[in-house]
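Here is my input; please provide its structure:
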Amino acid sequence: MKEQQVTFRSHDLTLEGLYAPQPAGVAPKGAVVCHPHPQYGGSMYNNVVEAALEALWGRGFTTLRFNFRGVGQSEGGYGGGEGEAADAAAAVSFLRGQPGLQGAPIVLAGYSFGAASAWGAAPQAGALQALVLIAAPLRMMDTASVPAVGNILLIGGSQDSFCPGKELEGLCARLGQGASFRVVEGADHFFGGYEDEVTAALSEMLAATGA
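From the prediction side, this is the model:
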């Protein structure tokens, strides 16, 4: 998929991103994908981010991936999680303003730290068709307050100590109807060698929601 370089504002900062318009002839829908922890080398050029994008492109989404504040050419510095949640919400707002996407269904997705940022951004992001959390660092997240999103899709690896399968299953049960989870057997937190399985799992889960 051909992506275009874009910039957008997150409060007083300018952030960089890559925008991929959807193919012609499909119903308009958009998705934002958030990258892993910026203090550990995370950026929008990440294997799991790209695996998620493959699933979204396969289902006809317009997509936006972006660098959090302080990463790459994005202005500012690390925001302790709250700043990055604000960046994710700003990315959704930018995407909603693109031609053909006003009023269209929007999915907000994130991997690892990006999943925690997406979770934090959801209450600020307006109506979402789905919230996708890949390898969410569950023990570092406040999961007591659940965002009002109809579909919450959870993906983890069976060997991931940051997102244990049992805890993922427990969170899914607490989230209730509209939540679903998949565990990629053999994968750890980084999904090296399991990117195709992430793409397949997410594509299947999106299809089940009608997205």
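
Chain neighbours aside, what residue packs nearest to residue 156?
Nearest residue to residue 156 in three dimensions, chain neighbours excluded: residue 163, at 4.2 Å (Cβ to Cβ, 6 or more residues apart in numbering). C-betas here are computed from N, CA, C, even on glycine.

and the residue nearest in space to the middle of the chain, what does it touch?
Most central in the chain under Cα atoms, centre = their mean is residue 109, positioned 1.5 Å from the mean C-alpha point. Residues counted as contacts of residue 109 (Cβ atoms under 8 Å, 6 or more residues apart in numbering) are 31-34, 52, 56, 115, 118, 131-134, 202.

May I ask which helix or strand encompasses the residue of the chain most remote from its centre?
The outermost residue of the chain, judged against the average C-alpha position, is residue 25 (24.7 Å), by Cα atoms, centre = their mean. Taking DSSP states H and E as the definition, one finds residue 25 inside no helix or strand.

Kindly state the pLDDT recorded for residue 27?
Looking at residue 27, its pLDDT is 89.

To what extent is residue 34 buried, counted in neighbours?
For residue 34, the neighbour count with other Cβ atoms under 10 Å is 33.

What's opposite it in the beta bridge?
Note on residue 34: beta-bridge partners by DSSP bridges are residue 110.

what's the distance between it and residue 52?
10 Å (Cβ to Cβ, to the nearest Å).

Determine the residues that are contacts of both of these two.
109, 111.

could you pull out the helices for the protein?
47-58, 82-96, 113-121, 165-175, 195-209 (DSSP state H).

Name the stretch among those helices that sits most buried.
Highest mean neighbour count among the helices of the chain (mean count of other Cβ atoms under 10 Å): helix 113-121, with a mean of 27.

Make TSV from the helices of the chain and add distance to residue 127 and mean pLDDT to it.
Shown next, in TSV, are the helices of the chain (distance: least, Cβ to Cβ, whole Å; pLDDT from 0 to 100):
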stretch	distance to residue 127	mean pLDDT
helix 47-58	18	98
helix 82-96	10	98
helix 113-121	13	97
helix 165-175	17	93
helix 195-209	14	97
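
Indicate which one of those is closest to residue 10.
helix 82-96 (3.8 Å; Cβ to Cβ).
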